[in-house]
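A.B. asks: Let's see this in three dimensions:
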Amino acid sequence: MIKIHLRGNTVPANLRIPGRYYLAIFVLACATLSFQILITRFFSVMLYYHFAFAAISLAMLGLTRGAMEVYNNPERYAPEAVAAEFARNAVWFAMSGVGAMILFLCVPLVVPQNLVLGALAVSALAFVVPFSASGVCITLLLTRLPYAGGWLYAADLTGAALGCLGIIFALLVVDPVSATFWLGAFSAGAGWMVVRTGSDVASRRLSGAVALTLAAVAALHTGLAATGSTHLGVFWAKGYEQTQTLFERWNTYSRVRVRPLGESKPFGWSFARDPDRKIEQNLLDIDADAATVITRFDGDLSRVSYLKDDVINAAYLVQPPKDAAIIGVGGGRDILSALLFGARNIRGIEINPAIFEVLTDKFADFSGNLHKRSGVSLVNAEARSYINHSSERYDLVQISLIDTWAATAAGGLTLTENRLYTVEAWGDFYRALKPGGLLSISRWYDPKDYRGEFYRLVAIAAEALQRKGVPAAELARHVIAVNFGSIVTVMTRPDAFTDAEWQAAKARLSAQNFNVILAPDVAYDNVTTTLLSGKADAAFFASLPENIAASTDDNPFFFYTQRLSNFVTRPTSSFTNNNVAISMVLLVLGVALAACAYYIVAPFMRLARQMPLSTLTPPVVYFSAIGLGFMLIEIAQMQRLMVFLGHPVYGLSVVLFTILIFSGIGSATVGAQTPGRAAMSGRMAALLVTLAAAGFLTPLVTEWTRSQATEMRILISVALLAPPAFCMGMMFPLGLSIWRKRSDLLPFLWSANGITSMLASVLGVALSIQFGIAATYALGVVLYAVCVGMLALCKESDFALPVVEQGPALVPDDVAAPAQPSVPAPQTRVHA
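C.D. replies: Numbers count the residues shown, from 1 in each chain. Down below sits the predicted model:
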């Protein structure tokens with residue numbers, strides 16, 4: 001038989017890894033990423049959307065703990081124990097994952113109401129346990145089996161890719177609790193596959209029994225949920241019991257629930273006059289937070305005449321439209337308003353398929369079958385995407401208080417509504433207007449305590465209008481703002497209001513008791529005056545206590561007006577309204593930094609006393625830089641392309657899936673032998689060139705092709721993502737082929753990669769908010785350049801091909817031989 005000499009170690013060249021290990025790591029990676037997505041959704045519903053960051057961080061922390069468990073206990077996790085330990089930890093992942101989920105759902109049932117929030121925060125820590133077990137499993141397969149190139153790593157990446165895609169379709173047919181049971185069953189089944197032909201009867205029986213039990217429970221629970229029978233679910237969310245549920249639907253970016261309000265006072269955002277009647281309504285909420293109503297409607301518009309007194313409908317008084325586009329249909333309230341004011345053609349655009357189902361199916365009769373009324377047409381689409389490739393033109397585009405506060409599975413602050421409140425978005429909406437058409441946007445407002453969103457709306461209007469060709473001196477003639485109560489409605493149009501148009505509109509608004517706070521002849525304050533003068537430069541924005549600069553597609557975080565520095569210098573004034581989410585970012589960032597100190601710095605200091613820094617530093621920096629770089633680039637591309645693709649679900653089904661699958665393909669191209677210096681240099685050059693090209697081309701290409709059909713935009717996104725993902729996927733096997741002679745360090749190197757991935761998942765969003773998405777991407781490229789630098793420090797002898805000689809026999813399939821290991825990439829199980 002052939003043997004290979006590697007620095008004194010002799011390893012059989014034709015040792016092969018049994019196929020069941022590839023399938024096992026594929027299944028477990030798939031289940032791990034799917035489970036992470038599910039707990040992101042649970043956190044967003046039961047706590048608040050920004051707690052989704054905690055879910056991602058808990059997952060990454062658990063995976064890192066698993067790697068360190070293998071590193072700290074080499075005797076227990078010796079190569080000959082791989083199969084048995086994998087099976088035991090796969091079973092523990094399944095059981096502890098289900099247990100943590102049940103604990104999290106049931107804590108509100110046994111804890112006093114005033115202690116529920118704190119109890120949930122503590123119980124959430126239980127989710128570290130299953131991810132630790134998963135971390136042990138994957139570390140075992142990738143660091144305790146014979147090194148055979150990048151194929152195991154490729155299986156890991158491919159399984160994670162299927163997990164992010166499969167959970168989208170799974171939630172279309174099963175509820176998230178049933179999905180958790182199914183994931184547990186498959187994970188335990190992966191453990192059974194590994195030991196089914198070995199001599200460990202106890203592990204085989206345990207994993208088989210757990211897999212079958214969880215599968216039976218999953219089937220039973222799926223049936224109960226599908227038939228509407230009593231089943232395990234969300235009993236409490238955001239301070240309220242979840243009772244009287246008429247309808248519930250989950251997907252990867254929201255939970256939609258409907259409950260009855262009965263015959264009650266009409267629901268309104270800010271009525272100038274109190275309604276004098278009662279009407280039957282149902283409440284529709286998204287992730288138990290943002291809400292609207294479904295109104296019982298029998299065709300008699302006089303019964304909803306109270307809608308004329310709601311300030312969000314002020315645009316109809318400024319200029320009555322014939323053709324109107326309603327972005328964010330919700331329960332149909334804005335459709336009723338358009339009908340009441342006499343619009344003849346109404347296009348309702350709703351991004352959430354669950355809400356679309358409510359209005360056009362489940363509660364269609366209750367709401368008067370609005371989608372079937374003459375002149376009304378509803379579409380399930382993302383607004384910018386639909387408008388960009390539609391030839392329709394409107395007199396009015398209305399966006400009324402669209403905020404879901406529902407974290408998508410792509411990340412804690414990746415909100416679906418982010419893409420509506422940017423300069424580029426308003427440019428899209430302006431192009432959809434007829435001559436003289438009006439864009440109307442309503443947001444929350446308080447003249448004393450909460451003006452940030454109003455200021456930012458004016459800043460966006462000023463920038464978007466100037467890009468449309470409006471001279472700075474004329475901006476004030478294009479913007480109107482009216483207020484009543486806690487709502488402000490800002491109306492802008494590319495064509496200036498004439499004096500006659502404005503005076504007539506002003507009279508109608510005043511007659512309705514709305515307060516005109518900004519208009520061609522009304523100044524609000526020095527801030528809005530400067531914004532509408534075209535003189536608002538960087539120095540002006542920096543001088544203000546809040547960041548009200550116009551949000552853009554490169555920095556689409558409209559809702560966050562506090563600067564990160566304010567949380568340190570003025571913490572008491574920063575924890576307000578939506579800015580509380582930023583405090584969660586900073587808190588998790590602090591925890592991540594502390595975890596990096598514990599899992600990287602402390603072990604590094606101990607190891608530095610045992611070996612030269614010149615030996616230890618390059619691999620630690622290399623694998624840490626990959627953890628940071630991969631996540632920063634993933635987050636940046638996901639944030640960019642979700643806007644381009646036009647739907648939050650594409651963040652998983654296109655962006656993350658493409659990155660993972662092509663990274664897996666890249667990994668599979670790396671063989672078991674160390675490439676020569678020239679071959680290694682070629683791969684490194686390809687990496688940096690593709691990363692730089694993707695960073696440069698993505699904003700340009702997406703701008704040029706944004707009006708293309710969805711299918712074409714998906715192909716374009718894949719073309720932008722695939723080359724750099726392919727090259728990034730090569731980095732782990734390439735690094736391993738050089739440093740594999742230090743097999744005792746490999747679990748530590750994986751933990752370093754895992755914990756830096758956790759850090760990057762939070763750091764990426766913080767950087768995007770503060771400096772923009774392009775800066776986040778650029779830092780990711782710099783970190784990969786650091787990886788290239790670490791490889792350049794390697795000696796020439798590290799790149800030499802091994803010497804081959806003859807030797808004796810092949811090791812049987814069911815024996816894990818001690819050999820040179822591989823290293824996993826924790827980024828296979830993380831988001832933006």
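A.B. asks: just checking, what packs against the strand or helix carrying Ala202?
C.D. replies: Using DSSP states H and E, Ala202 maps to helix 201-227. Contacts defined by 3 or more CB pairs under 8 Å, 6 or more residues apart in numbering; DSSP states H and E place helix 201-227 against helix 82-110, helix 176-195. Bear in mind the C-beta positions are built from the backbone N, C-alpha and C, glycine included.
A.B. asks: how far does the first one sit from the chain's center?
C.D. replies: The reference is to helix 82-110. Chain-centre distance of helix 82-110: 24 Å, with CA atoms, centre = their mean, to the nearest Å.
A.B. asks: Of all the residues in it, which ones are buried?
C.D. replies: For helix 82-110, burial by neighbour count (16 or more other CB atoms under 10 Å) applies to 82-98, 100-101, 103-105, 107-108.
A.B. asks: Please apply the same query to stretch 594-607.
C.D. replies: Ala595, Cys596, Tyr599, Ile600, Pro603, Phe604.
A.B. asks: Is Thr32 in contact with Gly163, as I believe?
C.D. replies: Yes: in this structure, Thr32 is within contact of Gly163 by CB atoms under 8 Å, at 7.0 Å.
A.B. asks: Show me where the stretch 251-400 of the chain has its strands.
C.D. replies: Remark: strands assigned in the stretch 251-400 of the chain by DSSP state E, counting those that start in this stretch are 254-264, 279-286, 290-295, 323-327, 345-350, 376-380, 394-400.
A.B. asks: okay if I get those strands as a markdown table plus mean pLDDT and distance to Lys741?
C.D. replies: Shown next, in a markdown table, are the strands of the stretch 251-400 of the chain (pLDDT from 0 to 100; distance: least, CB to CB, whole Å):
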| stretch | mean pLDDT | distance to Lys741 |
| --- | --- | --- |
| strand 254-264 | 92 | 50 |
| strand 279-286 | 94 | 54 |
| strand 290-295 | 91 | 55 |
| strand 323-327 | 97 | 59 |
| strand 345-350 | 96 | 58 |
| strand 376-380 | 95 | 56 |
| strand 394-400 | 96 | 60 |
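A.B. asks: quick one: which of these is nearest Ala636?
C.D. replies: When these are compared by CB to CB, strand 254-264 sits nearest Ala636, at 23.9 Å.
A.B. asks: quick one: buried residues of the closest one?
C.D. replies: Ser254, Arg255, Val256, Arg257, Val258, Arg259, Leu261.
A.B. asks: Check the spacing between the residue lying closest to Asn555 once chain neighbours are set aside and Gly651 real quick.
C.D. replies: Using CB to CB, 6 or more residues apart in numbering and skipping the chain neighbours, the partner closest in space to Asn555 is Gly772 (4.5 Å). Separation of Gly772 from Gly651 (CB to CB, to the nearest Å) stands at 19 Å.
A.B. asks: Over to Arg76?
C.D. replies: Noted for Arg76: a distance of 39 Å to Gly651, by CB to CB.
A.B. asks: and these two? which has more neighbours close in?
C.D. replies: Gly651 (27 against 10; other CB atoms under 10 Å).
A.B. asks: Helix, strand, or coil at that one?
C.D. replies: Assigned with DSSP: H, G, I helix; E, B strand; the rest coil, Gly651 falls in the helix class.
A.B. asks: returning to what we had before: among the buried residues of strand 254-264, which pair sits farthest apart?
C.D. replies: Going by CB to CB, the pair spanning those furthest: Ser254 and Leu261, at 20.4 Å.
A.B. asks: looking at it, Asp403 is touching Phe558, isn't it?
C.D. replies: No: counting by CB under 8 Å, Asp403 does not reach Phe558; the two are 9.4 Å apart.
A.B. asks: With adjacent residues omitted, what lies nearest to Gly629?
C.D. replies: The shortest distance from Gly629 to any non-neighbouring residue, by CB to CB, 6+ apart, is to Leu783 (3.5 Å).
A.B. asks: what are the ranges of the helices in the stretch 1-150 of the chain?
C.D. replies: Taking DSSP state H, counting those that start in this stretch to define them, one finds helices in the stretch 1-150 of the chain at 19-46, 52-72, 82-110, 116-123, 128-143.
A.B. asks: per-residue confidence for the closest residue to Asp554 other than its chain neighbours?
C.D. replies: Nearest non-adjacent residue to Asp554, counting by CB to CB, 6+ apart: Gly772, 4.5 Å away. According to the prediction, Gly772 has pLDDT 88.
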